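A.B. asks: can't give you the sequence, but here's the structure:
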């Protein structure tokens with residue numbers, strides 16, 4: 001099953017230009033052929049989620065502002081089960097199993113490469129250094145480069161996208177004309193980026209009043225079927 005899952009994951013992303021640099025060719029399956037269960041087997045089914053959570057802490061640490069850990073455990077569950085599985089992988093369950101396999105592999109890479117203890121057993125400082133080493137290609141010639149680089153790169157992308165989509169205040173209210181963000185007492189991604197969010201009723205009224213007498217300049221004719 002894991003072979004088919006990794007092949008499906010490889011195929012899923014090899015067609016998307018944005019991810020071409022995350023891995024090379026059939027590197028995920030090649031890593032399985034070389035290392036097998038030692039790299040991809042996990043005694044604990046939560047390991048992929050724990051690895052993803054640890055990466056979230058590295059990518060978006062808690063400092064003067066809230067970070068990934070502020071919204072645990074919900075943000076990790078959403079990042080893996082919703083953003084990765086349904087947004088990035090389009091609900092492809094086989095490819096999703098492949099992704100979980102790569103997260104398990106990332107935990108084992110330090111051990112099999114004699115770099116150090118398993119990722120989840122490292123100190124916070126050591127985790128950050130290992131993650132940086134993976135992203136900068138330290139393991140490219142050790143047989144781990146494709147699988148480690150893929151899992152680290154995809155996790156880097158998806159944790160940022162999840163957090164700065166304004167989690168946990170990211171979902172619209174069905175049927176509402178104006179989307180007003182609920183105050184939750186802590187800063188979210190949009191607050192940190194100083195984004196005001198969707199236009200509300202008062203702001204729309206102000207904008208309409210401001211531009212009511214604005215001069216209309218000729219531009220693109222949307223009725224022109226040749227444009």
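C.D. replies: Happy to help now that I have it. Because the structure is predicted, anything quoted here is derived from the model rather than measured.
A.B. asks: Around residue 55, count how many other residues there are.
C.D. replies: 26 (other CB atoms under 10 Å). C-beta coordinates here come from the backbone N, C-alpha and C atoms, glycine included.
A.B. asks: Skipping its backbone neighbours, what lies nearest it in space?
C.D. replies: In this structure, residue 55 finds its nearest non-sequential neighbour in residue 155, 4.4 Å apart by CB to CB, 6 or more residues apart in numbering.
A.B. asks: Now residue 116: phi and psi?
C.D. replies: phi 170, psi -160 (degrees, to the nearest 10).
A.B. asks: Grab the nearest non-local neighbour of it.
C.D. replies: Take residue 116 and drop its neighbours on the chain: the residue closest to it by CB to CB, 6+ apart is residue 110, 4.6 Å away.
A.B. asks: Number of residues surrounding the one you found?
C.D. replies: Neighbours around residue 110, by other CB under 10 Å: 24.
A.B. asks: Mind checking what secondary structure it has?
C.D. replies: helix (DSSP: H, G, I helix; E, B strand; the rest coil).
A.B. asks: contacting residues for it?
C.D. replies: 116, 117, 118, 119, 122, 130 (CB atoms under 8 Å, 6 or more residues apart in numbering).
A.B. asks: Just name the closest of these to residue 41, please.
C.D. replies: Closest approach between the contacts of residue 110 and residue 41, by CB to CB: residue 118, at 12.7 Å.
A.B. asks: Against residue 106, how distant is that closest one?
C.D. replies: According to CB to CB, to the nearest Å, residue 118 stands 10 Å off from residue 106.
A.B. asks: Compare the two and say which is more crowded by neighbours.
C.D. replies: residue 106 (30 against 15).
A.B. asks: Setting aside sequence neighbours, what's the nearest residue to the more buried one?
C.D. replies: residue 151 (4.4 Å).
A.B. asks: Pull the number of nearby residues for the one you found.
C.D. replies: If you count neighbours by other CB under 10 Å, residue 151 ends up with 28.
A.B. asks: ranges for the helices of this protein?
C.D. replies: Secondary structure of the chain, counting by DSSP state H: helices at 2-14, 27-35, 37-40, 47-59, 74-78, 93-112, 124-135, 145-163, 189-192, 201-210.
A.B. asks: For residue 173, find the nearest of the ones you listed.
C.D. replies: Of the helices of the chain, nearest to residue 173 by CB to CB is helix 201-210, at 13.5 Å.
A.B. asks: which secondary structure elements does the closest one contact?
C.D. replies: Here helix 201-210 touches no other helix or strand, going by 3 or more CB pairs under 8 Å, 6 or more residues apart in numbering; DSSP states H and E.
A.B. asks: do you know how far the residue nearest to residue 55 is from residue 222?
C.D. replies: Distance from residue 155 to residue 222, by CB to CB: 41 Å.
A.B. asks: same thing with residue 126?
C.D. replies: From residue 126 over to residue 222 (counting by CB to CB), the distance is 57 Å.
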